[in-house]
Structures are given as C-alpha cells and as structure tokens.
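Enquirer: here's my sequence, what's the structure:
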Amino acid sequence: MVARLVEADVRDQWHRRGLGRLITEQHPELTLAAAEAGDADLARATTAHDRRLLDTIGKASAKALSRLSTRAAWAEAGLRTSRA
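Expert: Numbering: from 1, shown residues only. Next up, the predicted model:
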C-alpha cells in the first residue's frame, strides 16, 4: 500500500513538471525492447506500469500514444503465447 502511494506521488510530480508524457512515451519502447530480448517478466511489468501511466495523462495524449502502446502490448502478448 505504501509503495503505491509513493508511486502515485512520484507520478504526480512527473506530471507537474511536464515530464509525464515523455516518461509515458518511453514505457511502450521499454516493453518492445524487453520483448525483443525475450524478457517476458520485464515486458509484463512495464506494460502494467504503462497502463497506469496512460490512465494518468490526458485523453488526447493517451490517444496520441495508442499505436505505440498497442504495438508494445502485442509484443508482450506474443511472449506469453510463445512460452505456453
């Protein structure tokens, strides 16, 4: 519970400083890199965090990132199916 409060506070600080979108843009890129490296755990964790960040930023910004987020989600999903 404390970790989530700290995470929310840090996320709010990023957004107040105008870094929220930049950081949010990097998460799908990190997911893709983890997927390309075959690291399913890292890809999964980064995708989950990306979803929380996308819920935080404005709708227009989230929509602008939707193609990249979708590519990252498919890459992460591909890792899950290849392990099954």
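
Enquirer: and the residue nearest the centre of the chain, what does it touch?
Expert: A centroid search over the chain (C-alpha atoms, centre = their mean) returns Asp50, at 1.9 Å, as the residue closest to the centre. Applying C-beta atoms under 8 Å, 6 or more residues apart in numbering to Asp50 gives the contacts 24, 27-28, 31, 69, 72. For glycine as for every other residue, the C-beta is placed from the backbone atoms N, C-alpha and C.

Enquirer: and the helices in this structure?
Expert: 2-16, 20-36, 40-56, 59-64, 66-83 (DSSP state H).

Enquirer: export those helices to a markdown table and tack on mean pLDDT?
Expert: Output for these, formatted as a markdown table (pLDDT from 0 to 100):
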| stretch | mean pLDDT |
| --- | --- |
| helix 2-16 | 66 |
| helix 20-36 | 85 |
| helix 40-56 | 85 |
| helix 59-64 | 75 |
| helix 66-83 | 79 |
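
Enquirer: and the nearest residue to Ala40 once chain neighbours are set aside, how many neighbours does it have?
Expert: Excluding its sequence neighbours, the residue lying closest to Ala40 (C-beta to C-beta, 6 or more residues apart in numbering) is Leu79, at 4.1 Å. Counted with other C-beta atoms under 10 Å, the neighbours of Leu79 add up to 20.

Enquirer: quick one: Leu79 from Gly58, how far?
Expert: 30 Å (C-beta to C-beta, to the nearest Å).

Enquirer: what does Leu30 give?
Expert: With C-beta to C-beta as the criterion, Leu30 and Gly58 are 21 Å apart.

Enquirer: then Glu25?
Expert: Distance from Glu25 to Gly58, by C-beta to C-beta: 13 Å.

Enquirer: please say which of the two ends up with more neighbours.
Expert: Glu25 (17 against 11).

Enquirer: would you check that the more buried one makes contact with Leu68?
Expert: Yes. Assessed by C-beta atoms under 8 Å, Glu25 is found in contact with Leu68 at 7.2 Å.

Enquirer: for Asp41, the count of nearby residues, please.
Expert: The local packing of Asp41 (other C-beta under 10 Å) involves 9 other residues.
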